[in-house]
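Trainee: give me coordinates for this.
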Amino acid sequence: MNPLITVENPPKIVFGTDGWRGLMGKDFNEESVALVASAFGEYLLKKTKDPSCIIGFDGRAGSKEFADLFNLVLEGLGVRSEMLSRITPTPVISYLTRWFNYTGGVMITASHNPPEYNGVKFKANYGGPFMGEETRKVESFLSNTYFCACISRLTDNEWPYDLQIRSSIDYEAIYDADIKPLIDSMGGAGETRIENYLAENEIFTESIYSEATSDFSGRYAEPIEKNLKPLSDALKKNREYCCGLATDGDADRLGVMMENGQFLSAQETILYLTDYVINVKKEEGCIIKTSSVTDKVNALASDEHPLYEVQVGFKYICEQMLKTWAAIGCEESGGFGYSRHMPERDGIFSGLLFLEMLAKSGHKKLSDFVKAKRKEFGEIFYKRIDHTFEHPDRTSILPMLYEKKITKFAGFEVNDIETFNSSRGIINGLKFRLNGSCRWLLLRASETEPLMRIYAEGQSNKEVDTFLSEGIKLITE
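Mentor: Okay, here's the model as predicted:
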């Protein structure tokens with residue numbers, strides 16, 4: 001590694017809602033990573049006189065080398081930096097950042113993105129994602145010169161996270177229930193961690209795709225139905241399992257399958273986990289959900305458990321968690337956080353908590369549990385589409401649409417229109433709340449892709465389809 005690198009034409013780097021991601025080689029390369037590392041180091045040095053940082057990496061091609069480069073740049077700038085010596089899930093880095101009181105944390109990962117991408121996630125001292133204001137401060141330090149020192153400190157010090165996971169789950173209940181999940185780590189950083197925590201308590205199961213690979217063994221490591229066919233097939237082949245649990249590329253998100261190989265939607269997973277945390281575990285605190293989460297969760301709120309709805313993106317859940325103790329914070333993409341754990345999503349902890357919930361329900365199979373819960377709560381009718389939208393100035397569409405003050409939509413009265421702003425203060429989200437329970441449409445403009453994301457919940461699949469098609473008309477007519 002060169003001790004001094006100067007970039008004559010620095011690449012354009014745009015930070016999103018959860019750090020920065022780019023195509024390997026083209027956008028994400030030695031020069032651009034060192035540039036981001038330099039900006040982050042300058043940010044830390046401005047923040048405190050004695051800054052410190054912990055760095056982790058996933059199993060993507062080059063992640064370890066990029067983490068080492070990031071470490072070298074920080075050390076060269078005078079930041080006390082330590083790097084984990086092995087593949088690490090994102091929630092571990094978040095937890096260690098808070099536990100050891102590092103000024104900041106860094107994770108080299110592109111999360112669930114395809115293997116040809118890589119990225120950088122910033123973690124704050126409180127153990128959660130950076131807020132928009134802090135991200136903009138890092139951006140302000142992007143320059144074209146940075147220094148590397150030939151120093152590299154490695155650590156295997158993960159015991160605080162392990163201690164938390166070992167002490168926060170009722171393994172005895174899982175053992176007594178005699179249930180066995182199948183774990184799909186999707187070739188990501190979760191590896192055999194869930195399996196190992198269970199085995200420590202004599203709960204024996206298996207994992208598939210538990211070796212971290214640079215290409216996630218040919219799959220996209222996002223735990224959604226279309227990517228989980230190997231888990232579905234394995235469950236159908238061997239009916240001894242109670243359910244399937246999948247974690248994404250950096251193990252901060254959770255996907256769930258029933259033992260019959262059917263996917264359990266993230267919306268149902270959210271509803272049942274929230275119900276469990278509030279009504280069975282009797283956890284104190286509020287409920288936080290993003291605007292794309294089913295309104296059936298609203299019925300679980302009370303004076304003791306107030307509900308907060310925030311913009312899509314876990315950093316907004318984290319921001320609310322820093323203000324108010326939360327029993328649970330949840331997002332439609334399968335991210336769950338808990339104040340008693342940390343203000344960060346964690347697929348490993350959530351998977352174990354989900355298993356604890358099933359164990360205490362008295363059901364041996366997840367499909368039986370879901371059948372009972374659907375009788376209790378009713379079905380959820382929800383869909384999301386990513387609509388290709390090549391409009392030259394798509395970010396102007398939603399502000400103009402808001403100004404129209406629409407009062408009727410798809411034959412229903414519009415009770416309210418809620419706006420959500422980007423980190424730069426522009427309306428990039430509109431939620432139309434319609435007359436009747438669980439009826440809404442959410443429009444979100446992507447700032448980085450030619451897409452308009454459209455979400456809808458209704459009281460039937462037909463109603464949801466109507467909302468989506470009418471939503472497309474809103475933005476195109």
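
Trainee: could you pull out the helices for the stretch 151-300 of the chain?
Mentor: 159-168, 171-177, 193-199, 229-237, 266-275 (DSSP state H, counting those that start in this stretch).

Trainee: buried ones in the fourth one?
Mentor: When you say that, I think you mean helix 229-237. With burial defined by 16 or more other CB atoms under 10 Å, the residues of helix 229-237 counted as buried are Pro230, Leu231, Ser232, Ala234, Leu235. C-betas here are computed from N, CA, C, even on glycine.

Trainee: re the thing from before, could you tell me the least trusted of the helices of the stretch 151-300 of the chain?
Mentor: Lowest mean pLDDT within those: helix 159-168, at a mean of 93.

Trainee: count of neighbours near the closest residue to Asp156 other than its chain neighbours?
Mentor: Here the nearest residue to Asp156 in space, its sequence neighbours aside, is Ser85; by CB to CB, 6 or more residues apart in numbering that works out to 5.5 Å. Applying other CB atoms under 10 Å, we find 14 residues neighbouring Ser85.

Trainee: count the neighbours of the nearest residue to Trp99 once chain neighbours are set aside for me.
Mentor: Nearest-residue entry for Trp99: Pro160, 4.1 Å, with adjacent residues in sequence omitted and distances by CB to CB, 6+ apart. Neighbourhood size, Pro160 [other CB under 10 Å]: 14.

Trainee: kindly report the same for Cys243.
Mentor: Cys243 - counted by other CB under 10 Å - has 24 other residues nearby.

Trainee: please apply the same query to Glu376.
Mentor: 9.

Trainee: can you list contacts of stretch 221-235?
Mentor: Applying CB atoms under 8 Å, 6 or more residues apart in numbering, the external contacts of stretch 221-235 come out as 112, 115, 182, 184, 186-188, 208-209, 219-220, 241, 244, 246-249, 253-255, 257-263, 266, 334, 347.

Trainee: report the buried members of these.
Mentor: Buried among those by 16+ other CB under 10 Å: 112, 115, 182, 184, 186-188, 208-209, 219-220, 241, 244, 246-249, 253-255, 257-259, 261-263, 266, 334, 347.

Trainee: what's the domain layout of this protein?
Mentor: 4-157, 161-377, 381-476 (automatic domain parsing).

Trainee: need the residue closest to the centroid of this structure.
Mentor: The chain has Gly335 as the residue nearest its centroid, 4.3 Å off, counting by CA atoms, centre = their mean.

Trainee: got phi/psi on that residue?
Mentor: phi -100, psi 130 (degrees, to the nearest 10).

Trainee: next one: Leu23
Mentor: Here Leu23 shows phi and psi, under degrees, to the nearest 10, equal to phi -70, psi 130.

Trainee: beta partners of it?
Mentor: For Leu23, the beta-bridge partners are Tyr117 (DSSP bridges).

Trainee: ok, it to Asn227 distance?
Mentor: Distance from Leu23 to Asn227, counting by CB to CB, to the nearest Å: 20 Å.

Trainee: looking at those two, which is more packed in?
Mentor: The neighbour comparison of Leu23 against Asn227 (other CB under 10 Å) goes to Asn227, with 19 against 14.

Trainee: any idea how many residues pack against the closest residue to Pro306 other than its chain neighbours?
Mentor: In this structure, Pro306 finds its nearest non-sequential neighbour in Cys286, 4.8 Å apart by CB to CB, 6+ apart. Counted with other CB under 10 Å, residues neighbouring Cys286 total 20.

Trainee: tell me the contacts of Cys286?
Mentor: His305, Pro306, Leu307, Tyr308, Gln320, Thr324, Trp325, Ala326, Ala327.

Trainee: over to Asp275?
Mentor: Per CB under 8 Å, 6+ apart, neighbours of Asp275: Leu300, Lys373, Phe377.

Trainee: ok, the residues you listed vs Leu44, which is closest?
Mentor: Nearest to Leu44 out of those is Leu300 (CB to CB; 39.8 Å).

Trainee: surely the closest one meets Asn279?
Mentor: Yes - with contact defined as CB atoms under 8 Å, Leu300 and Asn279 form a contacting pair (7.3 Å).

Trainee: those two: which is more packed in?
Mentor: Neighbours were counted for Leu300 and for Asn279 using other CB under 10 Å; Leu300 has more, 18 against 11.

Trainee: how about that one, what does it touch?
Mentor: Taking CB under 8 Å, 6+ apart, one finds Thr274, Asp275, Ile278, Asn279, Ile287, Leu307 in contact with Leu300.

Trainee: what count of nearby residues applies to the last one?
Mentor: The tally of other residues near Leu307 (other CB under 10 Å) stands at 16.

Trainee: my read: it touches Lys296, true?
Mentor: No - here Leu307 does not reach Lys296: they are 11.7 Å apart, not a contact under CB under 8 Å.

Trainee: so which of the helices of the stretch 151-300 of the chain is the most surrounded?
Mentor: helix 266-275 (a mean of 22; mean count of other CB atoms under 10 Å).

Trainee: how far does that helix sit from the chain's center?
Mentor: 15 Å (CA atoms, centre = their mean, to the nearest Å).

Trainee: what's the answer for stretch 264-272, then?
Mentor: Per CA atoms, centre = their mean, the centroid offset for stretch 264-272 relative to its chain is 15 Å.

Trainee: for the lengthiest helix in the chain, buried residues please.
Mentor: As assigned by DSSP state H, the longest helix anywhere in the chain is helix 30-47. Under the neighbour-count criterion of 16+ other CB under 10 Å, helix 30-47 has 30-45 buried.

Trainee: again with stretch 321-337
Mentor: So stretch 321-337, judged by 16+ other CB under 10 Å, has buried residues 321-322, 326-337.

Trainee: hang on, the earlier thing: so which of the buried ones among the contacts of stretch 221-235 belong to strands?
Mentor: Leu182, Asp184, Ile208, Gly244, Ala246, Thr247, Leu254, Gly255, Met257, Met258, Phe263 (DSSP state E).

Trainee: take the residues you listed and write them to TSV, including pLDDT and distance to Glu195.
Mentor: Conversion of these to TSV gives the following (pLDDT from 0 to 100; distance: CB to CB, whole Å):
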residue	pLDDT	distance to Glu195
Leu182	98	10
Asp184	98	11
Ile208	97	10
Gly244	98	13
Ala246	98	13
Thr247	98	11
Leu254	98	15
Gly255	98	16
Met257	98	16
Met258	98	19
Phe263	98	21
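
Trainee: tell me the one among these nearest to Met342.
Mentor: Nearest to Met342 among these, with distances taken as CB to CB, is Leu254, at 15.3 Å.

Trainee: residues contacting the closest one?
Mentor: Pro223, Leu245, Ala246, Thr247, Thr269, Gly334, Gly335, Phe336, Gly347, Ser350, Gly351, Phe354.

Trainee: how close does Tyr209 sit to Ser339?
Mentor: Distance from Tyr209 to Ser339, by CB to CB: 32 Å.

Trainee: I misspoke; the intended subject was Ile427.
Mentor: 30 Å.

Trainee: buried sites along stretch 429-442?
Mentor: Gly429, Leu430, Lys431, Phe432, Arg433, Leu434, Cys438, Arg439, Trp440, Leu441, Leu442.
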